[in-house]
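Student: Need the 3D shape of this:
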Amino acid sequence: MATSILPPGQFEIDEFPPFGLERFARRLPMDTARIRLAIQGDVERFITVDEEFGDLHRVDQTSDIHCVTTWTRRGLTWSGVRFADFYERIVVPRARPRLDATFVILRGQDGYAPSLPLSDLLAPDVLLADRLQGRPLSIEHGAPLRLVAPAHYGYKNVKHLCAVEFWRDRRAYRSATYWFMDHPRARVAFEERGRIVPGWILRYLYRPVIPRTIREFRRALDARKTKSPDDAPA
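Tutor: Residues are numbered from 1 along each chain as shown. Predicted coordinates for the structure are as follows:
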């Protein structure tokens, strides 16, 4: 649910800007018309999930997005399926992951790939969402499918999700940023913005990049719109 009090170090904004690591701004997804997820890693069987996704129970959820750079957009209404339902009804019976495969990598079509512990992903408010504010996800917000994990900073909420990998350890993981900026859990309530450096210090390192990052992502989206008007974000 949307919170009444902002977490430590966050400030509220009225818009929901396209955002992320700048080098991913122009790595836009090629396939936004359908949901297609590869399930792999330490599993007995690699599988691809597409039509089965539509058989899962859908939920609507209002929750906030907290960017690690300190902005927060409150009260967004997402629609999709619970990750826990996806895991229990599809992943476990079909892919059969090892019981100790609890390190999860979530890969986006743009190449971005954060990680989270399986226990965090099984929280009841973690969604695989394909709709926002009653409309299908636009490219800027993660079409065709994205993770919504309200307890974690936005950099764990991967957009354009195309693969979920279950591993026994971190051997297949490569951080998209400097290691000290990539916390294993990135929980908002504990201000886990990164490793080693206290979260309150990182606030002041991150805030100056906000305007520049928004501009870069908007330029990339405008360029795509100019080239392919039919694929422009809603």
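Student: What confidence value was assigned to the closest residue to Asp125 other than its chain neighbours?
Tutor: Closest residue to Asp125 apart from its sequence neighbours, by Cβ to Cβ, 6 or more residues apart in numbering: Pro150 at 5.3 Å. Yep, even glycine has a C-beta here, placed from its N, CA and C like the rest. pLDDT recorded at Pro150 is 97.
Student: mind checking the longest strand of this protein?
Tutor: Looking across the chain with DSSP state E, the single longest strand is strand 71-82.
Student: what comes into contact with it?
Tutor: Residues outside strand 71-82 that contact it (Cβ atoms under 8 Å, 6 or more residues apart in numbering): 2-3, 6-7, 10-16, 53, 56-66, 124, 126-134, 145, 148, 210.
Student: Filter those down to the buried ones.
Tutor: Buried members of these, counted by 16 or more other Cβ atoms under 10 Å: 3, 7, 10, 53, 56, 61, 63-66, 126-132, 145, 148, 210.
Student: that older thread, tell me the secondary structure for the residue nearest to Asp125?
Tutor: Classification of Pro150 using DSSP: H, G, I helix; E, B strand; the rest coil returns coil.
Student: how close does Glu140 get to Thr62?
Tutor: Separation of Glu140 from Thr62 (Cβ to Cβ, to the nearest Å): 20 Å.
Student: The residue nearest to Asp125 touches Thr62, doesn't it?
Tutor: No: under the criterion of Cβ atoms under 8 Å, Pro150 makes no contact with Thr62, lying 9.6 Å away.
Student: list the buried ones in the lowest-mean-pLDDT helix or strand in the chain?
Tutor: Least confident helix or strand, the chain: helix 210-227 with a mean of 88, by mean pLDDT, DSSP states H and E. The neighbour-count check on helix 210-227 (16+ other Cβ under 10 Å) flags Ile210, Thr213, Ile214, Glu216, Phe217, Ala220, Leu221, Arg224 as buried.
Student: now stretch 79-90
Tutor: Ser79, Gly80, Val81, Arg82, Phe83, Ala84, Asp85, Phe86, Tyr87, Arg89, Ile90.
Student: Stretch 193-204 now?
Tutor: Buried positions in stretch 193-204, judged by neighbour count with 16+ other Cβ under 10 Å: Arg193, Gly194, Gly199, Leu202, Arg203.
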